[in-house]
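[1] Curious how this folds, go ahead:
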Amino acid sequence: MGQPEIQPAEPTPKGVAGDHLEKAHSVTEYVDLNTNLEAKIKNPLKGIPYEQLMHDVQEFAVEKGLEEHIALLRKGALVAQDPTNYRYITGPEALDEAEKKALEEEVTHRWRLPKRLFLTIATCSIGAAVQGWDQTGTNGANIFFPEIYGIGGNSARDRLILGVVNAGPYIGSAFLGCWLSDPINNWLGRRGVIFISAHFCIWPLFGSALSHNWQQQLVNRLLMGIGMGVKASTVPIYAAENAPASIRGALVMSWQMWTAFGIFLGTAFNLAVYNTGSNNWRYMLGAPFIPAVPLVVMIYFCPESPRWYMKKNKYPKAWESMNVLRNNPIQVARDIYYIHAQLNIERQLTQHSTYISRFTELFTIPRVRRANIAAFTVMIAQQMCGINIIAFYSTTIFKESGYTEFQAMLCSFGFGLVNWLFSFPAFWTIDTFGRRSLLLFTFPQMMWTLLAAGLCTLLPISTTRTALVALFVFLFAAFYSPGEGPVPFTYSAEVYPLSHREVGMGFAVATCLFWAAILGITFPFLLERAGTVGAFGCYAAFNAVAFIMIFFLVPETKQRTLEELDYVFAVPMKKFASYQLGTALPWWCRRWLLFQRDAVLTPFYHNDNEDEQEHQHQQQKQTSHHSSDIPFVHTSAYESKKLD
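    Residues are numbered from 1 along each chain as shown. This is a model prediction of the structure:
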């Protein structure tokens, strides 16, 4: 039987009222990405009638040079329109068993991924290891090179110069490297940026090892910082754009896991070369170039980000790239068409933008500003928590606590090992427990462990004192690693719309590294004036402040597509904060302080599909006594067809 004539339903595509989303249909429903008062996660394809959707797909394929994939795109568009009911698609667009299995395994076997995606994540992980090792070169060298450079005294001048030299990479990153990310990404793509940045993590390291005075050392560390800033602003974005939504957090958080591994390698190498003679500190400063070499090579074997290609209107290349990052072409078709539909909405935010206008819009467009505030919060919290006072100066801190030089370096090695090992729990919890939940759980723990470590330094010098200081520093690292360690870069890489992703990530990373530089410069003074207990107590208080900021300013992003986050950050921050204070906090008190197990937390966000399924489920329950043996089937646009 043929298809019946379908009365054209009133279309409900999303976009700017009176404008065109695609050539095939006009827009009748206005979706404001700046004010989502209902806190609904909307599907931009929902409500488009079957024939109109198929016409849109035809126009899209012809316009973007994807005619050979029209049949797959028709299927993919229907799956994207109603992701949970792909099994019930019938007619010409019915999925075969292999396609159904691929979509099912996204849920049941989330880690069954293509080899090229694993290669991409491995390459990003090497880039992160470079970042971590770069941070720890001076950790061990700090107790050697100041005397050689003539800045080893206790004068304010010597303390300031030492702080500036240690903070050199972060100064270079915050003031130049991070801000180059947007234009270089625009010209060269994600892979090109990573290739260029890797060179800045090789050659300045040789210069650092060969420097004969602090001025030369500072120049080389500033150059290294340019590479660190560009790389840190790009690698998490690259990983986020390539990863499926269900495990994006785990794959992107590999940045922090392998940064922690790089810190561990740095402390291990510093310990290994301790007894190599008077030039041991030169080896410590130069060795971080080692992992940058395979990074330069491996990035050529990785696919470019499909979203970057789509941003550049290179859809055939985007298809090729996505095809090696997904297990089945149906996933490629679904993702390409869904991303395209959402990109059309994002173009509400920026038309004919420039680098300066995009930066300005980080603070002026409400949807982007909310993402920017959340990213700023998690990034500055990484410095407020006090981790880098340990990463920069753990050897110095342990030495001040009564250890010998070798014992202090051994404890720094222990810190690096704990920091890396305890990042693994986040691999399994960041996409289930969630980014926000990890932060809210770990910040109070970091606060008390840091305070305890400082208070232990008041004990008389003894084996007990040194052991307790080390214990609480290690506990601090154990709580940092699955929480504030992996979350900031993962979170910041995903919250911005594609139109502002590079400049937004540049701002977020610049925030983090600028305050790391301030911390590196000021900590020697703080340690001298306030002592270890005062310095640790100061950062314990900062942990409490960071906890409050995260509670009110940082929404959850787990298991949302990058495009769905447009609607998360379209919710006014005042409405989100009001929910946290008036609903979430009372529920937490009832559940965990009063032990009321029946306390229920009303969810803040609502998904279009979830709401519709719940409504139909209620209807089914009401009529179940009439048709108890008929299975529940969700109705969507494709079911309006008359089937053969």
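
[2] so where does the residue nearest in space to the middle of the chain fall, helix or strand?
    When CA atoms, centre = their mean is applied to the chain, the residue found nearest the centroid is residue 490 (1.3 Å). Assigned by DSSP states H and E, residue 490 falls within helix 487-495.

[3] Show me what that helix packs onto, helices and strands only.
    Here helix 487-495 touches helix 214-242, helix 248-252, helix 254-272, helix 366-384, helix 435-456, helix 501-553, going by 3 or more CB pairs under 8 Å, 6 or more residues apart in numbering; DSSP states H and E. C-betas here are computed from N, CA, C, even on glycine.

[4] mean pLDDT lowest for which of those helices?
    Per-segment confidence across the helices and strands packed on helix 487-495 bottoms out at helix 248-252, which has a mean of 71 in mean pLDDT.

[5] Would you pull up how far that helix lies from the middle of the chain?
    7 Å (CA atoms, centre = their mean, to the nearest Å).

[6] Repeat that for stretch 185-193.
    19 Å.

[7] residue ranges of the helices in the stretch 301-450 of the chain, please?
    Assigned by DSSP state H, counting those that start in this stretch, the stretch 301-450 of the chain shows helices spanning 306-311, 315-323, 329-346, 355-364, 366-384, 387-400, 405-421, 424-429, 435-456.

[8] circling back: tell me the mean pLDDT for the helix holding residue 490?
    Mean predicted lDDT for helix 487-495 stands at 87.

[9] what's next to it, contact-wise?
    For helix 487-495, contacts defined as CB atoms under 8 Å, 6 or more residues apart in numbering pick out 232, 236-237, 239-240, 248-249, 252-253, 255-256, 371, 374-375, 378-379, 381-382, 426, 430, 435, 438-439, 501, 504-505, 508-509, 512, 554, 557, 562, 565, 569.

[10] got a markdown table for the helices and strands packed on helix 487-495, with mean neighbour count and distance to residue 181 too?
    Written out in a markdown table, the entries for those read as follows (neighbours: other CB atoms under 10 Å; distance: least, CB to CB, whole Å):
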| stretch | mean neighbour count | distance to residue 181 |
| --- | --- | --- |
| helix 214-242 | 26 | 4 |
| helix 248-252 | 26 | 16 |
| helix 254-272 | 25 | 15 |
| helix 366-384 | 23 | 14 |
| helix 435-456 | 21 | 22 |
| helix 501-553 | 21 | 4 |
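
[11] Distance to residue 411 for the ones you listed - can I get that in CSV?
    Converted to CSV, those look like this (distance: least, CB to CB, whole Å):
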stretch, distance to residue 411
helix 214-242, 25
helix 248-252, 30
helix 254-272, 9
helix 366-384, 22
helix 435-456, 12
helix 501-553, 13
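
[12] and of these, who's closest to residue 64?
    Nearest of the helices and strands packed on helix 487-495 to residue 64, taken as CB to CB: helix 214-242 at 18.3 Å.

[13] Okay, angle between that closest one and helix 315-323 too, please.
    When axes from the mean of the first three to the mean of the last three CA atoms, to 10 degrees is applied, the directions of helix 214-242 and helix 315-323 differ by 90 degrees.

[14] Can you give me the neighbour number for residue 152?
    Using other CB atoms under 10 Å, residue 152 is surrounded by 15 other residues.

[15] And for residue 601?
    12.

[16] For the remainder of this discussion, apply numbering that starts at 531.
    Okay, using 531 as the starting number, the last item reads as residue 1131.

[17] Let's verify it: helix, strand, or coil?
    coil (DSSP: H, G, I helix; E, B strand; the rest coil).

[18] Identify the residues contacting it.
    1113, 1114, 1117, 1121.

[19] Same check on residue 889?
    Remark: with contacts taken as CB under 8 Å, 6+ apart, residue 889 is in contact with 1033, 1037.

[20] gap between it and residue 573?
    Here the distance between residue 889 and residue 573 works out to 31 Å (CB to CB, to the nearest Å).

[21] Check residue 740 too.
    The span separating residue 740 from residue 573 equals 58 Å under the rule CB to CB.

[22] CA-only coordinates of the helix holding residue 1020 in PDB, if you can.
    The C-alpha trace of helix 1017-1025 is given here as PDB (Å, rounded to 0.1, in the frame of the first residue of the first chain):
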ATOM      1  CA  VAL A1017      36.500  18.200  36.600                       C
ATOM      2  CA  PRO A1018      37.700  21.700  35.600                       C
ATOM      3  CA  PHE A1019      39.200  21.000  32.200                       C
ATOM      4  CA  THR A1020      36.500  18.400  31.400                       C
ATOM      5  CA  TYR A1021      33.700  20.800  32.400                       C
ATOM      6  CA  SER A1022      35.200  23.900  30.700                       C
ATOM      7  CA  ALA A1023      35.700  22.000  27.400                       C
ATOM      8  CA  GLU A1024      32.000  21.100  27.200                       C
ATOM      9  CA  VAL A1025      30.000  24.000  28.500                       C
END
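
[23] Not counting sequence-adjacent ones, nearest residue to residue 784?
    Taking CB to CB, 6 or more residues apart in numbering, and ignoring the residues beside it in sequence, residue 784 has residue 655 as its nearest neighbour in space, at 4.9 Å.

[24] Just the element for the one you found, please.
    Element membership of residue 655, judged by DSSP H and E, is helix 645-671.

[25] Remind me what that helix packs against, helices and strands.
    For helix 645-671, the packing partners by 3+ CB pairs under 8 Å, 6+ apart come out as helix 686-702, helix 708-730, helix 744-772, helix 784-802, helix 810-816, helix 822-828, helix 917-930, helix 935-951.

[26] Would you convert the ones you listed into CSV that also reports distance to residue 1066?
    Conversion of those to CSV gives the following (distance: least, CB to CB, whole Å):
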stretch, distance to residue 1066
helix 686-702, 18
helix 708-730, 29
helix 744-772, 26
helix 784-802, 19
helix 810-816, 25
helix 822-828, 33
helix 917-930, 8
helix 935-951, 14
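
[27] and of those helices, who's closest to residue 844?
    Within those, the stretch nearest residue 844 is helix 708-730; the backing value is 9.9 Å (CB to CB).

[28] Show me where the stretch 531-680 of the chain dips below the pLDDT cut-off.
    Applying pLDDT under 70 to the stretch 531-680 of the chain flags residues 531-571.

[29] what are the ranges of the helices in it?
    Here the stretch 531-680 of the chain has its helices, by DSSP H, counting those that start in this stretch, at 580-594, 600-611, 627-638, 645-671, 675-679.
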